[in-house]
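Undergrad: What shape does this take:
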Amino acid sequence: MNKDMYSRIRTAAEYQKKAIRALFPQKVSRHLDVIEKELKLMAAEAASDIIRKRKKEDTSLETQESERAFQVKKVNIL
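TA: Numbering: from 1, shown residues only. Now for the predicted structure:
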């Protein structure tokens, strides 16, 4: 998607947000601001948790692979 189209979509989304907020009284608009901020924080926290878990899984897999690489096999010589 080119930059111009992305910019137009973003502008349209801002207009939609303003149109929806215009339907509510000013008091409610302030509450919507708080709710929006909380939702953004929750999404960011969820994303960071997912990334942290992925890194932990990747690290444990790398550790297991490196341990397998250095395992010693016992060989019986006759």
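
Undergrad: Tell me which residue lies nearest the centroid of the chain.
TA: When C-alpha atoms, centre = their mean is applied to the chain, the residue found nearest the centroid is Ala47 (2.9 Å).

Undergrad: what about the strands in the protein?
TA: Per DSSP state E, the chain carries no strands over any range.

Undergrad: can you count the residues close to Ser29?
TA: Applying other C-beta atoms under 10 Å, we find 13 residues neighbouring Ser29. C-beta: built from backbone N, CA, C; applies to glycine.

Undergrad: and it, what is it in contact with?
TA: Arg21 (C-beta atoms under 8 Å, 6 or more residues apart in numbering).

Undergrad: how much space between it and Ser60?
TA: Distance of Ser29 to Ser60, given as C-beta to C-beta, to the nearest Å: 47 Å.

Undergrad: rewinding a little: the residue nearest to the centre of the chain and Arg10: what is the separation?
TA: 20 Å.

Undergrad: Low-confidence regions, the chain specifically.
TA: 1, 61, 64-72 (pLDDT under 70).

Undergrad: One more pass at 80, please.
TA: Confidence mapping of the chain against pLDDT under 80 gives the ranges 1, 57-75, 78.

Undergrad: most residues in a single helix of it, which one?
TA: Criterion DSSP state H: the longest helix present in the chain is helix 26-69.

Undergrad: Tell me how far it lies from the chain's centre.
TA: In terms of C-alpha atoms, centre = their mean, to the nearest Å, the gap separating the centre of helix 26-69 from the centre of its chain is 5 Å.

Undergrad: so how far is Ala44 from Tyr15?
TA: Tyr15 is 25 Å from Ala44, where distance means C-beta to C-beta.

Undergrad: Could you give the backbone dihedrals for Leu23?
TA: phi -80, psi -20 (degrees, to the nearest 10).
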